[in-house]
Structure formats: structure tokens, C-alpha cells
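Chemist: need a 3D model of the sequence below.
(chains A and B)
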2 protein chains.
Amino acid sequence: MTAPLRIGIAGLGTVGGGVVKVLTEHRDLLAQRAGRPLVLAAASALEMPAPLAPLLKGIAWHGDARVMAKSADIDVVVELIGGAEGIARQVVENALGAGKSVVTANKALIAKHGIALARTAEQKHVALAFEASVAGGIPILKALREGLAANRFQRVYGILNGTCNYILTGMEESGRDFGEVLAEAQKLGYAEADPATDVDGLDAANKLAILASVAFGCPVDLDAVHVEGIRRVSATDIAYAAELGYRIKLLAMARRTENGIERRVTPCMVKRESPVGHVMGVLNAVVAEGDFVGQTVFQGRGAGERPTASAVVADLIDIAAGRVSHPFGVPVDTLTAIPREPVERQRASYYMRLNVVDRPGVLAEVARILAGEGISIETVLQRGRSPGETVPLILTTHETDEAAMIRVRGLLGSVKAVTQDPAFIRIETL
Amino acid sequence: MTAPLRIGIAGLGTVGGGVVKVLTEHRDLLAQRAGRPLVLAAASALEMPAPLAPLLKGIAWHGDARVMAKSADIDVVVELIGGAEGIARQVVENALGAGKSVVTANKALIAKHGIALARTAEQKHVALAFEASVAGGIPILKALREGLAANRFQRVYGILNGTCNYILTGMEESGRDFGEVLAEAQKLGYAEADPATDVDGLDAANKLAILASVAFGCPVDLDAVHVEGIRRVSATDIAYAAELGYRIKLLAMARRTENGIERRVTPCMVKRESPVGHVMGVLNAVVAEGDFVGQTVFQGRGAGERPTASAVVADLIDIAAGRVSHPFGVPVDTLTAIPREPVERQRASYYMRLNVVDRPGVLAEVARILAGEGISIETVLQRGRSPGETVPLILTTHETDEAAMIRVRGLLGSVKAVTQDPAFIRIETL
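Modeler: Below you'll find the predicted structure:
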């Protein structure tokens, strides 16, 4: 055994507590796998959580994590404070600047400042590791960077936000609407009091930006991600999706196109038998498509104390064992910007739900508008005849580009028989 | 860029050809990811495959791979000859003995001699890497050894033989019997002319023995794996499985029990909605259950030129980048033998299909035998009443141990109304 790896942990919330538990419960196992002991040497948090006190006896306690990050008594800092700016950022900058490796679960920080931080890490020959920032316990960044490194990737996509997947699953299973299921998720601790980061798609967008960078060798570019959340997904559309053989998932996808890379987080209909179609509840899944390996699927828990701690400690073991990779898979200065594929040119099939007055000629009028944009119809679903009343008209289209669908939306607005704003949902072929 | 990694390849069959293609097509990408060029410097095979000739121009050709393995002009040997003994073994021993790293896809060699070879590699401070030996393109060994290294594993299982899964899928989809579907698989190249290694379970057993070693930190022990193949699986039982909500899969499983580790390769009924229940055709899947990460699922192509080459070249990149792990995750001399759980004590539910004469009292007699062994019945399926004729009687049991089922088998032999050898299939709760 060589010298222990001395760890300083910044932040003792849910994940921090999990990390302390792994390091304590698996002390011998980790030392055996890493080739040296992993020792918790210092910690910093707003307060010491009572259940952790016995596990933290005898370690150096710092009132200011930014000071701890520069301490000569630690080799690596685990940053679990969160947020793209403020103390979290300063802790990581201080640690790297002082020549210490950093492990973080902070997706917002890496999505925003990851490239600059990676540059510092490379200059200082230390590690900046953030496996826990994407898909929790699933070792997907290591898989893309190392296990599948022989491949050129065509497409990387998945379900990256467990809260949204939990809500969509709950809506499907109960038939209830978004608001009701969200409230329940909040009560059970699966959604935050302020759910915006999750349900509006930003959390998934941060993760997708990181994934895309590692998979395609381009700088992280959060602004290039087109983001839509799940607030507008209705129980009605979930039910129609089921009838058509689909499920609605918040899909995060990055794919090569002729012109660059498409990056988007959008609610999509996916076939139930597709690789992510049966991923339910809080689970996450990531699909990587490489030119040699073909399609590989990784599934597991994307959040929570124990899975996230699993990823943090795996990074610590790599550092202890001397297995250091470039944070983004290749030297940061060889990352090559790839143009974004504009949303308007992104192609997909679409699901449309219109509320129309049930009278002769309406379907013909809608069909004419679609034909005028060169969009062909795949299926039509209409039932519950009630002449003169409003009925739902469901259509799915063949592949088209988003620009055409935006024009269709506009044109439908002027059709008198269409009584409400129509619902449009992408259909993703996986 | 530092000095190139000089590669000697032994064996230019399907996988060897794939490796040559990756190294050629992705020359720049691999150099970028590895931090130095990966150069094919030498090759040895019975003959040069014509399509590879243009890609192998100018490299050193060796008539004897064992000589190549000791050549001063290469840094690492890729062994793709196959077989646990003979030239493959000598090539690997020569290379490690000469202080060269080895990458191999040879599961039979690693299952039989992996520990001795790993000891040599560790003494010489070189790598012995065999990601390609288990589950083809899926980077599962790296995941167990590194990405999930913070966990104590409870259970590791999966579908590790694509040929068997292809045959079972074909039987389910067509309703045809084993022999017919095997013949078709052979015609299409999904099964070998001599299919025994695949369909009798040895290939999956080799892979499971390796997986269990990496997951549980014990020496590879092929003899501890209980192996049954799929020859006795009938179209009839597949149809009944479907009716009961199950599929029949050749499941390879290693799990901790109170007394040690259970290791088995057996056809099992698994719920369709279980993590491996929807893995169809030639796909492989591995499920790892760790105490912190929970359940993680990895799915992809388990064989074939390109996926296997993906795994081989990933190992080469790790070696080029200086990321060397212990072959089995921990130093080979710290691997600890764990007793095998005897087959007789392994517990499961069971499916039974009896052919019985349709007359009063038969079910009562069968039920009495089960009750006598303390086995309770979960479901009974009987239909097609034809008094005096033979009809199938389907039963599923609650959990019991295999020893009790063996006794039941014996007792049923003496029941006159049971007209044929009954079919017994484990039901695995996943």
C-alpha cells in the first residue's frame, strides 16, 4: 500500500452524506481496489448533519470550503455544493489552482465552466472528474471516454432527468394531469419545492451538453441545446400516445447531422419497445450509438444519495489508482467546435392533436394545409362523433422539418373549425 | 504526442479483421483519445485474408505468432487465435514473459488460465486486458472494475451468449422447435457448424466465471459454474412461458448467498418486464446490482466483428494512455476464494409441465407429492379436457431448493398417470 489519498469534502447534503457512508462502510474494499487507502481528511459545510457526526470524528473541519480547497493536508476536493457560480466555482478553481484533483457532481458548473476548469486541470496535471454529474450512478462518461473510445458516435440520447420521468410515468399510470402528479412528487421528495430546473428541462440540458462534448469531442455548449420542459404535456396526449403504441418521454438527444450537431431536450413520443420506451419512474437511461459497437444501452438510477455517491467514489478510486483521463476525453485544446443544427432544420415525425368542430370538410381543410407544406399524413384518429360539437382530431405525420411544422401551426390558427391551440409533439425514431 | 504504441496482432479472423479496420479508419481519432498513435506494427495468421492485404502493407509479417510475441519491435500483443491451450496460450505467455502488454478476446483462455496470466502481468507491470472476452462490445468489465468500483456487488447476471438468445427468440417468434431454428441460425452464420460450445452453455459459463471473479474479487473458477444448455428447451414450454407472462432465456448468474456464491448458466423463465426480459435476438445484456448504485443494466451486441473489435481497441487505448488496472480489479494475490453454493441448496421457483392421463385424482396425487416436499403451488394450468387421453398439466411453485425438486422428479416417475418425463424450468425473480 502506498500513501493514502486524503479527501476534503465540500458540502454535506444528500450526496455528501452518501459519499461519507461509502468511504466508511467500504474502507477496506476501496483500499484494495484503489491500491491505497481513501481517507476522508477534511470537510466543510454550513453545518454538520447530526447523523454524520460519528463518521466525521477527528477530521479537519473548515468553516470556509474555499480555504479547505487550498489546504496542504488534502490531495483531492469533492465539490458537492452545487450551482454554476459562487462558492462551488471558487472551491473548484482554488483546488485546481493549488494542484489538487477535483471530483464534482455539479452539472451546472461543468456545463458552464467545464472547459476553462479542464484547461486548468490539464495544465496542473491533476484530474477533474464529474461522472456523478450525468445520469447519477450510471458510469456513462467513462463508457464514452474509455470503454467505447474506439468509436465515432453518431447519436447519444437518453432519459437524464428522473423527476420528469417519474412525473410522466405517474401521469401515464394514473391518468392524472401534470400539476397533480407534480404535487405528489414534491410530497414524496422526488421533486424540489421549486421544480423549474427539472420540469423545464434545464437539468437535462446541462447533462446533455456535457454528454455531447465527451461523445463528439466538441466544447460544452449549453446555449446550443434547444430546451423544452414537460409542463405542457397533458394526460390526454399521454393517453393518445399509448393508443398509438408510444410513450411520452423527456428525451435528451445529441446527434450528428449533415450540417453539424443537433442538441435538444424535448418531450417526445417514443415507441414502447424502443431502448428507452420501458424506462419508468425515477430511472435514467443513456443510449450511445457508435460506428463499431452499434447501439449500447445503459440504465440505472440517475439521482439520489447512494447512486450519486457511487459515481463520486468511483472517480476517487480512479484518481487514487493513478488512472487519469482528460476530463472531456481528449485534450481540451483539441476539442473542435461543431456547428449547431438550427432547430428549424431538425427533422422528425410529429403527433398533432386538434380540437375541431365536428362538421364536414374539416379534415379536408387540415389535410390541405399539411399537403401545402409537403407533409404527408401517417395516421388519423377520430372518434366520438357529435355533429356540431368539438371533438379531438389526432394526426401523425411522416418526417418533416420543424420549420414546416411551425408554419402549419400558424396556418391552423386561421381555420375557424379549430377551436383551441393544437398540441404538437415530436415522434422520435430510436 | 509521445511515441506510438506498436501493436502486434495474432489471428486475423473475424475479430482480427475488425481490429485492423478500427485502427485504420480511426487512426486520428484514436491518437487523439489515447494521447499517442496506435500503430499496427506486426501480424501473424495462418494466411493473410485478401481484403486486409492493402491495410497491412509494410507491417512485419510473422509465420509464428509465438515468435512475434517476443519481438522487440512491438509493445503490445493482441491475441485473437482462441482456445484455452496451444498457440493462443503460448503467445500470451511469451508476450507477458517478455514484458509486453496483452489484449485478448479469448474467454476460454482467461477462464482457465487467467489468474496465472494476471500474476505474470502484475509481476512484469504490464497490462492483461480482456474486455472483449465478455459481452462483446459492452464495456462491462471496466464498469465492474472501475465505474462501479465503490460498490459491493450482490448479484451479477445476464444474457451472455447471443447464439442461444437468437435461437430462443426465433423459437418464440416462429413456434418452431430447437433443431429447426438452430439449423436456420447456422445457415445465417449466427451459430457455428459445431454449435456445442454455444448451445450447451460453455461459452456463457466461461464469461460468467470471468464476470464473477471481477465482481466478487475471487479467483476465476469455471468448475464452480453449474451449466445447462438450451437443447432441452421446447417450443411447447416457450408457449406456456408466454402465457404465464415469462420468457425463457439462457441466464448466466452469479450471486452471493449466505454460504458463498452461486454461479450458474441455466435456461430460466424470467418476467417479460424484467431487465433482461426484452433482450431479443443476438443482443447481450448484463445486470449488476451494487449496494450503493442499485441495479444497473448494460445492453448491446455481444459478438461479431465490429462490436468485439470496439472492445479490443478500447483496451489498447487504455494501455496507450497509461490507464492500467489490475486484470481482475484487485491484485491477483488478494483475490479470495469464496465457497460455491452447492446446486442442491440453490433456491428458486419452478415451472413444471407434466403429461398426465386426464382422469380424476391425478392433480391431487401430484399436489400431494409437492406438499410432501414442503413445496407450495402458485398456479395450475390445465385445459383441453379429454377424459382418458393425455393432457398437459402446468404448475408453477413458490420458492424451494433444487434438492426438493430433484426428489419431486423421482417421485413423479412412480406416478402411473404421468406418461412422460416432466419438464422442469427455474423461474428467476429479477
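
Chemist: doesn't residue A:394 fall inside a strand?
Modeler: Yes. Following the definition DSSP: H, G, I helix; E, B strand; the rest coil, residue A:394 is counted among the residues of a strand.

Chemist: can you list the weak-confidence ranges in chain A?
Modeler: A:1, A:384 (pLDDT under 70).

Chemist: so which bits of the longest helix along it are buried?
Modeler: Counting residues, the longest helix in chain A under DSSP state H turns out to be helix A:107-124. Of the residues in helix A:107-124, A:107-115, A:117-122, A:124 count as buried by neighbour count, 16 or more other C-beta atoms under 10 Å in any protein chain shown. Where C-beta positions appear, they are placed from N, C-alpha and C, glycine not excepted.

Chemist: same question for stretch A:8-20.
Modeler: In stretch A:8-20, residues buried by neighbour count (16+ other C-beta under 10 Å) are A:8, A:9, A:10, A:11, A:12, A:14, A:15, A:16, A:17, A:18, A:19, A:20.

Chemist: list of residues touching the strand or helix carrying the second one?
Modeler: Taking DSSP states H and E as the criterion, residue A:9 maps to strand A:5-10. By C-beta atoms under 8 Å, 6 or more residues apart in numbering or on different chains, the list of residues contacting strand A:5-10 from outside reads A:16, A:19-20, A:23, A:34, A:36-45, A:60, A:62, A:65, A:68-69, A:71, A:73-81, A:88, A:91, A:316, A:319-320.

Chemist: again, only using 6 Å
Modeler: If you take C-beta atoms under 6 Å, 6 or more residues apart in numbering or on different chains as the criterion, strand A:5-10 is touched by A:16, A:38-44, A:65, A:68, A:74-79, A:81, A:91, A:320.

Chemist: for the helix or strand following that strand, name the packing helices and strands.
Modeler: If you walk from strand A:5-10 toward the C-terminus, the next helix or strand you reach (DSSP H and E) is helix A:14-25. Helices and strands in packing contact with helix A:14-25 are listed as helix A:305-320; criterion 3 or more C-beta pairs under 6 Å, 6 or more residues apart in numbering or on different chains; DSSP states H and E.

Chemist: show the subsequent helix or strand relative to the helix it packs on.
Modeler: strand A:347-357.

Chemist: packing partners for that next one?
Modeler: strand A:390-397, strand A:423-427.

Chemist: for the first one, buried residues please.
Modeler: Right, the one you point to is strand A:390-397. If you call a residue buried by 16+ other C-beta under 10 Å, then strand A:390-397 has these buried ones: A:391, A:392, A:393, A:394, A:395, A:396, A:397.

Chemist: now find how far off-centre it is within its chain.
Modeler: Relative to its chain's centre, strand A:390-397 lies at 31 Å (C-alpha atoms, centre = their mean, to the nearest Å).

Chemist: spell out which residues of the stretch 151-300 of chain A are next to chain B.
Modeler: Within the stretch 151-300 of chain A, the positions lying close to chain B (C-beta under 6 Å from any C-beta of the partner chain) are A:151, A:292, A:293, A:294, A:296, A:297, A:298, A:299, A:300.

Chemist: just say helix, strand or coil for the second one.
Modeler: Assigned with three-state DSSP, residue A:292 falls in the coil class.

Chemist: need the max-distance pair from the residues of the stretch 151-300 of chain A next to chain B.
Modeler: Taking C-beta to C-beta as the measure, these reach their widest spread between A:292 and A:300, a distance of 23.9 Å.

Chemist: quick revisit: direction included, what does the strand holding residue A:9 pair up with?
Modeler: Each strand pairing with strand A:5-10, determined using DSSP bridges, is listed with its direction: strand A:38-44 (parallel), strand A:76-79 (parallel).

Chemist: give me the distance from the last one to the chain's centre.
Modeler: Looking back up the chat, that one is strand A:76-79. Distance of strand A:76-79 from the chain centroid (C-alpha atoms, centre = their mean) equals 22 Å.

Chemist: and the closest residue to residue A:229 other than its chain neighbours, how many neighbours does it have?
Modeler: In this structure, residue A:229 finds its nearest non-sequential neighbour in residue A:200, 3.7 Å apart by C-beta to C-beta, 6 or more residues apart in numbering or on different chains. Neighbour count of residue A:200, defined by other C-beta atoms under 10 Å in any protein chain shown: 17.

Chemist: surely residue A:200 meets residue A:228?
Modeler: No. At 8.3 Å, residue A:200 does not count as touching residue A:228 under the criterion of C-beta atoms under 6 Å.

Chemist: for residue A:430, which non-adjacent residue is spatially closest?
Modeler: Of all residues not flanking residue A:430 in the chain, residue A:274 sits nearest, at 4.0 Å (C-beta to C-beta, 6+ apart).

Chemist: quick one, phi psi at the one you found?
Modeler: As for residue A:274, its main-chain torsions (degrees, to the nearest 10) stand at phi -80, psi 170.

Chemist: what's the distance between it and chain B?
Modeler: 10 Å (C-beta to the nearest C-beta, to the nearest Å).

Chemist: how much space separates that residue from residue A:158?
Modeler: Using C-beta to C-beta, to the nearest Å, residue A:274 is found at 11 Å from residue A:158.

Chemist: between those two, which one's more packed in?
Modeler: Between residue A:274 and residue A:158, counted using other C-beta under 10 Å, residue A:158 has the larger neighbour count: 30 against 17.

Chemist: what's the helix or strand for the more buried one?
Modeler: Counting by DSSP H and E, the element that carries residue A:158 is strand A:153-159.

Chemist: what residues does that strand touch?
Modeler: A:165, A:211, A:215, A:249, A:253-256, A:276, A:279, A:284-290.

Chemist: so of the residues you listed, which ones are in helices?
Modeler: For the contacts of strand A:153-159, the ones inside helices are A:165, A:211, A:215, with DSSP H as the criterion.

Chemist: tell me which of these is nearest to chain B?
Modeler: Closest approach between the ones in helices among the contacts of strand A:153-159 and chain B, by C-beta to the nearest C-beta: residue A:215, at 11.8 Å.

Chemist: can you count the residues close to that closest one?
Modeler: Here the count is done by other C-beta under 10 Å, and residue A:215 has 29 residues near it.

Chemist: how about residue A:263?
Modeler: That count, for residue A:263 with other C-beta under 10 Å as the rule, works out to 29.

Chemist: roughly how far apart are it and chain B?
Modeler: Counting by C-beta to the nearest C-beta, the gap between residue A:263 and chain B amounts to 20 Å.

Chemist: now residue A:4
Modeler: When distances are taken as C-beta to the nearest C-beta, residue A:4 and chain B turn out to be 17 Å apart.

Chemist: could you verify that residue A:296 is part of a strand?
Modeler: Yes. Per three-state DSSP, residue A:296 lies within a strand segment.

Chemist: so who does it touch?
Modeler: Residue A:296 makes contacts with A:288, B:300, as judged by C-beta under 6 Å, 6+ apart.

Chemist: please name the bridge partners of residue A:393.
Modeler: According to DSSP bridges, residue A:354, residue A:382 are recorded as the beta-bridge partners of residue A:393.

Chemist: so who does it touch?
Modeler: Contacts were defined as C-beta under 6 Å, 6+ apart; by that measure residue A:393 touches A:354, A:356, A:382.

Chemist: the same query, at a cut-off of 7 Å, please.
Modeler: Residues touching residue A:393, when contacts are defined by C-beta atoms under 7 Å, 6 or more residues apart in numbering or on different chains, comprise A:354, A:356, A:363, A:366, A:382.

Chemist: much appreciated, bye for now.
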